[in-house]
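Novice: Generate coordinates for the sequence data below:
(one chain, ligands or ions: 1)
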Amino acid sequence: MRTSWADMAANSGADNAAPGSANNRGISNTSASARSAYVPPHLRNRPASSDPPAPAYSGPASSNDRAGYGGPRWAGSKNDFRSGYGGGLVGGLGNRGGGWDRGREREANPFGDVDETEEAFSEQESTGINFDAYEDIPVETSGDNVPPSVSTFAEIDLGEALNQNIRRCKYVKPTPVQRYAIPISLAGRDLMACAQTGSGKTAAFCFPIISGIMKGQGQSTHRPLRGSRTAYPLALILSPTRELSCQIHEEAKKFSYQTGVRVVVAYGGAPINQQLRDMERGVDILVATPGRLVDLLERARVSLQMIRYLALDEADRMLDMGFEPQIRKIVEQCDMPPQGVRQTMLFSATFPKEIQRLASDFLSSYIFLAVGRVGSSTDLIVQRVEFVQESDKRSHLMDLLHAQRTNGVQGKQALTLVFVETKKGADSLEHWLSVNGFPATTIHGDRSQQEREQALRSFKSGNTPILVATDVAARGLDIPHVAHVVNFDLPNDIDDYVHRIGRTGRAGKSGLATAFFNENNGSLAKSLSDLMQEANQEVPAWLSRFAARSYGGGRNRRSGGGRFGGRDFRKDSSFNRGGSDYYGGGYSSSSGLGAPSGYGGGYAPGVTSAWD
Ligand SMILES: Nc1ncnc2c1ncn2[C@@H]1O[C@H](COP(=O)(O)OP(=O)(O)OP(=O)(O)O)[C@@H](O)[C@H]1O
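Specialist: Predicted coordinates for the structure are as follows:
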């Protein structure tokens, strides 16, 4: 019933309107443009007093050392995290209270004017985040010697400065993906992690990187000093879109505030000179889109030879056909240390098996982590599918928006994200909505970067509460208060659907997703119906009939049946060609599901991807 969706949208709008979201704060700007020589993180912002420097960590070798690379892995990632508790490291990190402050440049406070008192911290209980929503989610890990998970941030040795930022972000406890991924990464292990949209993957890869850089003081001294125009970052975070890279940059800046770790972003469509100047001031963590990074590498303005951490966000997208050559160039054909020397982390909400296989080229003896079913959507999102003919889509959308406005808070339009297939279609729908009294804006690849950023700002602020978007906005964007996602045109790929609807229902909040389906979408019927069933959604009888008629299509990469089957591709015998043993040892499942036995040995390093 239409009215009930509108009710849901209104409710979820109210739900999402809870104050105090970590993302709802202003970000102050940097900064004087003084150029100064690179200063390693551990030497930044040291007090004028003669405090002794924090001792360089020379702790026990990790059990995860990869043999054959002629040297120990970087100290930052070598720590056996279990030995970190109460050890010398904690004291050392405790001294690293300051941010970078070189020459005339001071670190801007990314938390703006937020009150930093403990009282403010205790208010986090009222932020509207429903942590319990994640409690009983099934978690599966596979790989050799999987480090145990934690339940609280206090159990993890992240360093005091980072812990303080976690409090400033009002994160009370780690989300499930953080509970597992952070200890795994802190133990120096490579990781392929799959967890639902909006479940906190950004922090899951940022925290170990920042913490590792804070701890790895000794290495920094090998970086070029004064005068070099080439930047030598220690960590590289790649993401597929400019907006997502900017968002990760903003998040990482919050997490690394006053840790001495410096984060810089480089992405296309924006002036390169400003980005070059930012990098010249020093960069520990470089967040980038692949195209701009390749440009910087070709100009020799960035060297990857000091990279200790490589994180690919939306990793399946990054290794899909569009991006794969660029990623291979960056990771395999430049000066980045090979897998096994660097630490590699891949994150996404979806991980088709063929992409897992490709991704394994970049990983060494990795742990596979699945939180919830691979590629599933969260059941915090109410999913509706409507049968709507092409010619009726606009009037149907209009009905939805009217009902939503009527039921909305004080007659206001709840933030609604409308996905369409083409850039032209986006412009045309935006125009039609605007002339019909629904302020809308668009984001797609034909708009300038300035226009894209302006559209996003206007949408976030509620000035134009409807954003018509192509898939450029489908992945990763964390926009608070999006109450409703409408798939005006459904995608061809079920994984794209999962990411699109994931723009609502984030961080434990509820959301609503409506899809317009017709005969043109027949190939998606089966995977859509399966997905909805998995997420405990009501599947209309007509969709089940479509599904029964369709034969595969829709890039239905799901396999293995059952809520918890078919995950780590190394367990799939069809990938185990020629008797090679792909499987990297132990298996554990926190959900108590039967653990298959007999996965012995390590991942065969010589096995190449079927896509090579
Ligand atoms: N431990 C936590 N406690 C409370 N909120 C958190 C916590 N971790 C992350 N968040 C918040 O949850 C929201 C979603 O996080 P994030 O954007 O990292 O999700 P994601 O898993 O990367 O989603 P996607 O798959 O769509 O990229 C953000 O607003 C973030 O600030």
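
Novice: Close to the ligand: what parts of the stretch 401-550 of the chain are there?
Specialist: G476, D478, G502, R506, A507 (C-beta under 6 Å from any ligand atom). For the C-beta atoms, the positions are set from N, CA and C on the backbone; glycine is no exception.

Novice: Which one of the residues you listed is nearest to D495?
Specialist: Closest to D495 out of these is G502 (10.6 Å), distances taken as C-beta to C-beta.

Novice: per-residue pLDDT, the closest one?
Specialist: Model confidence at G502, expressed as pLDDT, equals 94.

Novice: Just give me the neighbour total for it.
Specialist: Applying other C-beta atoms under 10 Å, we find 28 residues neighbouring G502.

Novice: try G200
Specialist: G200: 22 neighbours (other C-beta under 10 Å).

Novice: residue contacts, it?
Specialist: Contacts for G200 (C-beta atoms under 8 Å, 6 or more residues apart in numbering) come out as P174, T175, V177, Q178, A507.

Novice: now this protein, which segments are flagged as low pLDDT?
Specialist: Residue ranges of the chain with pLDDT under 70: 1-105, 113-135, 217-227, 374-377, 408-411, 551-566, 573-612.

Novice: Which residues of it lie near the ligand?
Specialist: Contacts of the chain with the ligand, taken as C-beta under 6 Å from any ligand atom, map to 22-23, 129, 171, 174-175, 178, 195, 197-203, 349, 476, 478, 502, 506-507.

Novice: Which of those fall in helices?
Specialist: In helices, judged by DSSP state H, the following of the residues of the chain next to the ligand are found: Q178, K201, T202, A203.

Novice: how near is the first one to F153?
Specialist: The reference is to Q178. Per C-beta to C-beta, to the nearest Å, Q178 is found 8 Å from F153.

Novice: give me the residue from the stretch 251-400 of the chain nearest the ligand.
Specialist: Closest approach between the stretch 251-400 of the chain and the ligand, counting by C-beta to the nearest ligand atom: A349, at 4.3 Å.

Novice: Which residue lies closest in space to that residue, excluding its sequence neighbours?
Specialist: Excluding the flanking residues, the one nearest A349 by C-beta to C-beta, 6 or more residues apart in numbering is T197, at 4.7 Å.

Novice: was I right about that neighbour contacting S348?
Specialist: No - using C-beta atoms under 8 Å, T197 makes no contact with S348, being 9.5 Å away.

Novice: neighbours of the closest residue to the ligand within the stretch 501-612 of the chain, just the number please.
Specialist: Among all residues of the stretch 501-612 of the chain, A507 sits closest to the ligand, at 3.3 Å; criterion: C-beta to the nearest ligand atom. Using other C-beta under 10 Å, A507 is surrounded by 23 other residues.

Novice: likewise R299?
Specialist: Neighbourhood size, R299 [other C-beta under 10 Å]: 12.

Novice: swap in P325?
Specialist: Neighbours of P325 under the rule other C-beta under 10 Å: 12.

Novice: can you tell me which residues contact L244?
Specialist: L244 makes contact with D313, E314, R475, G476, L477, according to C-beta under 8 Å, 6+ apart.

Novice: switch to 6 Å and redo it
Specialist: Shown in contact with L244 (C-beta atoms under 6 Å, 6 or more residues apart in numbering): G476.

Novice: try R242
Specialist: Residues in contact with R242, defined by C-beta under 6 Å, 6+ apart, are Y267, G269, T289.

Novice: Ramachandran coordinates for the closest residue to the last one other than its chain neighbours?
Specialist: Nearest in space to T289, with sequence neighbours left out and distances taken as C-beta to C-beta, 6+ apart, is Y267 at 4.5 Å. Phi and psi for Y267, reported as degrees, to the nearest 10, are phi -150, psi 160.

Novice: Let me see the backbone angles for the nearest residue to S239 once chain neighbours are set aside.
Specialist: Spatially, and ignoring its direct neighbours in sequence, S239 is nearest to D313 (4.4 Å; C-beta to C-beta, 6+ apart). Per-residue torsions, D313: phi -90, psi 150 (degrees, to the nearest 10).

Novice: doesn't R292 make contact with S245?
Specialist: No - the pair S245 / R292 is not scored as a contact, 8.6 Å apart, by C-beta atoms under 6 Å.

Novice: Give me the common contacts of those two.
Specialist: With C-beta under 6 Å, 6+ apart as the test, S245 and R292 both reach Y267.

Novice: These two: which is more packed in?
Specialist: Higher neighbour count among S245 and R292: S245, with 26 against 20, using other C-beta under 10 Å.

Novice: Buried residues in the strand or helix carrying that one, which are they?
Specialist: Assigned by DSSP states H and E, S245 belongs to helix 242-255. The neighbour-count criterion (16 or more other C-beta atoms under 10 Å) identifies 242-255 as the buried residues of helix 242-255.

Novice: helix or strand right after it?
Specialist: Using DSSP H and E, the helix or strand that follows helix 242-255 towards the C-terminus is strand 263-266.

Novice: Now for A359: which residues touch it?
Specialist: Contact analysis of A359 by C-beta under 6 Å, 6+ apart lists L319, L346.

Novice: ok, how many other residues are close to the spatially closest residue to R500 that is not a sequence neighbour?
Specialist: Distances taken as C-beta to C-beta, 6+ apart place A474 nearest to R500, at 4.6 Å, with adjacent residues excluded. Per other C-beta under 10 Å, the neighbour tally for A474 reads 25.

Novice: doesn't G502 make contact with A474?
Specialist: No - the criterion here is C-beta under 6 Å, and A474 misses it with G502 at 8.4 Å.

Novice: Can you verify T514 is assigned to a helix?
Specialist: No - assessed with DSSP: H, G, I helix; E, B strand; the rest coil, T514 is strand; it does not lie in a helix.

Novice: neighbour-wise, which of Q178 and F153 wins?
Specialist: Q178 (26 against 19).

Novice: and the more buried one, how far is that from V139?
Specialist: 12 Å.

Novice: CA-only coordinates of stretch 414-431, as PDB, when you get a sec.
Specialist: This file holds the C-alpha atoms of stretch 414-431, laid out as PDB (Å, rounded to 0.1, in the frame of the first residue of the first chain):
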ATOM      1  CA  ALA A 414      12.400  13.500   3.700                       C
ATOM      2  CA  LEU A 415      15.800  13.000   1.900                       C
ATOM      3  CA  THR A 416      15.100  10.800  -1.100                       C
ATOM      4  CA  LEU A 417      17.800   9.400  -3.400                       C
ATOM      5  CA  VAL A 418      16.500   8.400  -6.800                       C
ATOM      6  CA  PHE A 419      18.600   6.100  -9.000                       C
ATOM      7  CA  VAL A 420      18.300   6.200 -12.700                       C
ATOM      8  CA  GLU A 421      20.200   4.400 -15.500                       C
ATOM      9  CA  THR A 422      21.500   7.200 -17.600                       C
ATOM     10  CA  LYS A 423      23.000  10.700 -17.200                       C
ATOM     11  CA  LYS A 424      20.400  12.100 -19.600                       C
ATOM     12  CA  GLY A 425      17.700  10.400 -17.800                       C
ATOM     13  CA  ALA A 426      18.900  11.900 -14.500                       C
ATOM     14  CA  ASP A 427      18.900  15.500 -16.000                       C
ATOM     15  CA  SER A 428      15.500  15.000 -17.500                       C
ATOM     16  CA  LEU A 429      13.900  13.600 -14.300                       C
ATOM     17  CA  GLU A 430      15.500  16.300 -12.200                       C
ATOM     18  CA  HIS A 431      14.000  19.000 -14.500                       C
END
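
Novice: Since that was my last question, I'll sign off now.
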